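Colleague: This is a predicted model, with the sequence first.
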Amino acid sequence: MLGFLWYSPILLGNAWMKYRGLSKNEMSGGGAITYMLTALTALGGSFILALLLTLADESTMIAGLVVGLLIGISVSLKIGMNYLFEGHKLGLYFITIGYHLVSYAIAGLIIGCMQ
């Protein structure tokens, strides 16, 4: 749901297309396999976040938020290495990492509430 909103014209979709050099006509949205694999990667990331919270024996919203943000920052820094070598625009980097930071923060809050 977050990805749909994040990359839609409502939020950052138009800026993302501009940085990628794409037009609306060139957008395909991917097929069913793309959406299934995307859901699996999101579940995998959330599972690892839940595992880290369990191993740390922390089960609060704040702990979930902090660990989620730390994972998001770690992922963002690693993505930054790719952006440096690929020569993408800095704005595209911030759109991409912003999504990961927000998604892990939300997942951390939800998992922290559930434990």
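Modeller: Yes, it's here.
Colleague: Can you give me every residue that contacts the residue nearest the centre of the chain?
Modeller: Central residue of the chain (CA atoms, centre = their mean): residue 100, 2.4 Å from the mean position. Taking CB atoms under 8 Å, 6 or more residues apart in numbering as the criterion, residue 100 is in contact with 72, 75, 76, 79. Just so you know, the C-beta spots here come from the backbone N, C-alpha and C atoms, and that holds for glycine as well.
Colleague: element containing it, please.
Modeller: helix 90-114 (DSSP states H and E).
Colleague: Could you give me the buried positions within that helix?
Modeller: Neighbour counts over helix 90-114 (16 or more other CB atoms under 10 Å) mark 92-97, 99-112 as buried.
Colleague: cool, stretch 32-41 as well?
Modeller: In stretch 32-41, counting by 16+ other CB under 10 Å, buried: nothing.
Colleague: And for stretch 45-56?
Modeller: So stretch 45-56, judged by 16+ other CB under 10 Å, has buried residues 45, 46, 49, 50, 52, 53.
Colleague: average pLDDT for stretch 84-99?
Modeller: For stretch 84-99, mean pLDDT rounds to 92.
Colleague: Please apply the same query to stretch 103-113.
Modeller: Rounded mean pLDDT across stretch 103-113 is 93.
Colleague: how distant is it from the center of its chain?
Modeller: In terms of CA atoms, centre = their mean, to the nearest Å, the centre of stretch 103-113 is found 12 Å from the chain centre.
Colleague: And residue 79, how far from residue 101?
Modeller: 11 Å (CB to CB, to the nearest Å).
Colleague: so can I have a markdown table of the buried residues of stretch 45-56 showing distance to residue 29, pLDDT and secondary structure?
Modeller: Converted to a markdown table, the buried residues of stretch 45-56 look like this (distance: CB to CB, whole Å; pLDDT from 0 to 100; DSSP: H, G, I helix; E, B strand; the rest coil):
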| residue | distance to residue 29 | pLDDT | secondary structure |
| --- | --- | --- | --- |
| 45 | 21 | 93 | helix |
| 46 | 23 | 92 | helix |
| 49 | 27 | 92 | helix |
| 50 | 29 | 91 | helix |
| 52 | 32 | 90 | helix |
| 53 | 33 | 89 | helix |
